[in-house]
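A.B. asks: model this:
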Amino acid sequence: MNEETRRLTFTEKEFCEKVGISRVTAWRLRNANKLPHCRIGTKIVYTSEQIKQFLELHTKIVMIKK
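C.D. replies: Predicted coordinates for the structure are as follows:
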């Protein structure tokens, strides 16, 4: 996908689907200041960069020993 067609923001529903959390969990994380987000009027949106930041902070790498 080229830069011109790349989306700038994602809705809360889209964000939750992408990272695999519920909307209630997203609400709790936002209220605890643990989830970066933007507010446009009354709508909450997430940028690609904010999604990347969230995943980097909340993803654990698990090593499986054979």
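A.B. asks: can you give me the offset of the one helix or strand in the chain whose mean pLDDT sits lowest from its chain's centre?
C.D. replies: Using mean pLDDT, DSSP states H and E, the weakest-scoring helix or strand in the chain turns out to be helix 48-58, at a mean of 87. Distance of helix 48-58 from its chain centroid, counting by CA atoms, centre = their mean, to the nearest Å, is 6 Å.
A.B. asks: buried stuff in it?
C.D. replies: Applying a neighbour-count criterion of 16 or more other CB atoms under 10 Å, one finds Gln50, Ile51, Phe54 buried in helix 48-58. Placement of C-beta: from N, CA and C, glycine included.
A.B. asks: From Thr25, how far off is the first one?
C.D. replies: Read that as Gln50. Using CB to CB, to the nearest Å, Gln50 is found at 16 Å from Thr25.
A.B. asks: same question, Asn33
C.D. replies: Asn33 is 15 Å from Thr25, by CB to CB.
A.B. asks: These two - which one has more neighbours?
C.D. replies: Per other CB atoms under 10 Å, whichever of Asn33 and Thr25 has more neighbours is Thr25, with 13 against 7.
A.B. asks: which non-adjacent residue is nearest that one?
C.D. replies: Cys16 (7.8 Å; CB to CB, 6 or more residues apart in numbering).
A.B. asks: Surely the one you found touches Ser22?
C.D. replies: Yes - look at Cys16 against Ser22 with CB atoms under 8 Å: they come within range, at 6.4 Å.
A.B. asks: Neighbour count: the two, which is higher?
C.D. replies: Cys16 (18 against 9).
A.B. asks: For the residue nearest the centre of the chain, give me its contacts.
C.D. replies: The structure's the chain has its C-alpha centroid closest to Ile51; by CA atoms, centre = their mean the separation is 3.5 Å. Counting by CB atoms under 8 Å, 6 or more residues apart in numbering, Ile51 touches Phe10, Phe15, Lys18, Val19.
A.B. asks: Out of these, which end up buried?
C.D. replies: Phe10, Phe15, Val19.
A.B. asks: The last one against Phe54, yeah?
C.D. replies: What that stands for is Val19. Yes - using CB under 8 Å, Val19 is in contact with Phe54, at 6.4 Å.
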